[in-house]
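In: Turn this into a structure:
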Amino acid sequence: MSSPNAIPHPLLMIPGPIEFTDEVLQANAHPSMSHVGAPFINVFGESLEMLRKVFLTSDPASQPLVLSGSGTLGWDIVAANLIEPGEEALVLHTGYFADGFAECIETYGGKATQLQAPIGGRPTLEQIEKALKEKKYKVITITHVDTSTGVLSDPRTVCELVQRVSPETLVVVDGVCSVGAEDLEFDKWGVDVALTASQKAIGVPPGLSIVMLGKRAVQAFENRKAKPASYFASLKKWIPIMKAYESRKPAYFATPAVQLIYALNTSLKQILQTSMQERFAKHKAASKKVKDFVKAMGLEQVPNKPEESANSMTAVKLPDGIAPTDLLPKLAARDIVFAGGLLPQVKYFRIGHMGVTATDEQRGDLTKALEGLKASLAECGYEGAKH
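Out: Prediction:
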């Protein structure tokens, strides 16, 4: 793996965008290319094939999509194509991003029911089962890692529950902060849709919305009675384009982000140099290092239980008397960037540790970040950081 890139910059340790390898940044500077020419089509098609391996799907009926846009566009793809006006969606709430997904669903005419959990928690299987038995839901959405809280959901057990209680319901995993870092086995678990973005554990600059559709999701779209509720996000437009690219044939609906696709191709090749299980294990090890460090300083996390805490990031409660506006500038003075919290009810900050920061120990990103955190907290007067 590459050394930190040559352009001096602060160490970016937020939960996305993340640090990128030199090779990915160089690929992102690729000269301009025809988006319907054979060289680019080959790169795009190869990238779609590699995404199947990252999502752990070998089913030829699965359909990868790569669109120009943020991870949020994945919500629109689900809401505009898989949920018809008036149909019900059960949204499992573990933080800020469930609110957004629910609002998106309702924007397109769906009816979203949020199953709430206390801050730092997730809905229990008993609560989910009760909700599924109360009415028919077209989809259930799971935020695998909610970036606002660092709460880790368990899609595997939710899939098992849905298959037992409401097998017609489509399981949608919002994996923006998890795909490429957290264990997600698309085929084995029976996930119907998983969506992510380029700028997190996939390790590519922002600008790509990445979605994997399973066979049941494609069939649900094909059986849809109403027209797709979006033009740009219409699967009627994009599925044929993606099939053509994967078959190495030119096709056109809207111009893809050519340079970002080259960067994606480079990053996917780096990711697949090891097995996905090995990659997940490296993220768990990096997460343990961060969480053990903050615990040793007497700091608590936002997630209420260790098993419900993400491996791609850590959300840390601040000590009494110290605000994010006290800590973050001191980190910045040490060329380290952490993120503040998104929820006003809790005083906290967030550390991202995914992608190359977690998988390439030789870079020393985690060590620099944690040493900088301790020094910055000590400068803020926190006694737990002074020994």
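
In: How much space separates residue 333 from residue 381?
Out: 16 Å (Cβ to Cβ, to the nearest Å). In short, each C-beta sits where N, CA and C put it, glycine included.

In: ignore the last one, residue 166
Out: From residue 166 to residue 381 the distance is 53 Å (Cβ to Cβ).

In: Report how many residues lie close to residue 9.
Out: 11 (other Cβ atoms under 10 Å).

In: Just give the closest residue to it, not the sequence neighbours.
Out: Nearest non-adjacent residue to residue 9, counting by Cβ to Cβ, 6 or more residues apart in numbering: residue 335, 7.9 Å away.

In: show me the contacts for the one you found.
Out: 9, 10, 11 (Cβ atoms under 8 Å, 6 or more residues apart in numbering).

In: cool, residue 166 as well?
Out: Here residue 166 is in contact with 132, 133, 136, 137, 140 (Cβ under 8 Å, 6+ apart).

In: Tell me where the stretch 151-300 of the chain has strands.
Out: Under the criterion DSSP state E, counting those that start in this stretch, strands of the stretch 151-300 of the chain are mapped to 151-152, 170-174, 193-197, 208-213.

In: Any idea which of those gets closest to residue 125?
Out: strand 170-174 (13.8 Å; Cβ to Cβ).

In: Quick one: work out the angle between that closest one and strand 193-197.
Out: Using axes from the mean of the first three to the mean of the last three Cα atoms, to 10 degrees, one finds that strand 170-174 and strand 193-197 are set 10 degrees apart in direction.

In: Quick check: which helices or strands does the longest helix seen in the chain pack against?
Out: Among the segments of the chain that qualify as a helix by DSSP state H, the longest is helix 276-296. Judged by 3 or more Cβ pairs under 8 Å, 6 or more residues apart in numbering; DSSP states H and E, helix 276-296 is in contact with strand 313-317, helix 356-359, helix 365-379.

In: now these in JSON lines, with distance to residue 347, mean neighbour count and mean pLDDT?
Out: What follows is the helices and strands packed on helix 276-296, written out as JSON lines (distance: least, Cβ to Cβ, whole Å; neighbours: other Cβ atoms under 10 Å; pLDDT from 0 to 100):
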{"stretch": "strand 313-317", "distance to residue 347": "7", "mean neighbour count": "25", "mean pLDDT": "98"}
{"stretch": "helix 356-359", "distance to residue 347": "25", "mean neighbour count": "25", "mean pLDDT": "97"}
{"stretch": "helix 365-379", "distance to residue 347": "14", "mean neighbour count": "19", "mean pLDDT": "98"}
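
In: So for residue 211, which of these sits nearest?
Out: Comparing those by Cβ to Cβ, strand 313-317 comes nearest, at 21.6 Å.

In: after the closest one comes which helix or strand?
Out: Per DSSP states H and E, the first helix or strand lying C-terminal to strand 313-317 is helix 324-333.

In: Whichever helix or strand comes after that following helix pairs with which strands, parallel or anti?
Out: Using DSSP H and E, the next helix or strand after helix 324-333 towards the C-terminus is strand 336-337. Strand 336-337 has these partner strands in its sheet, going by DSSP bridges: strand 11-12 (parallel).

In: Centre of the chain to the strand it pairs with, how far?
Out: With Cα atoms, centre = their mean, to the nearest Å as the basis, strand 11-12 stands 19 Å off its chain's centre.
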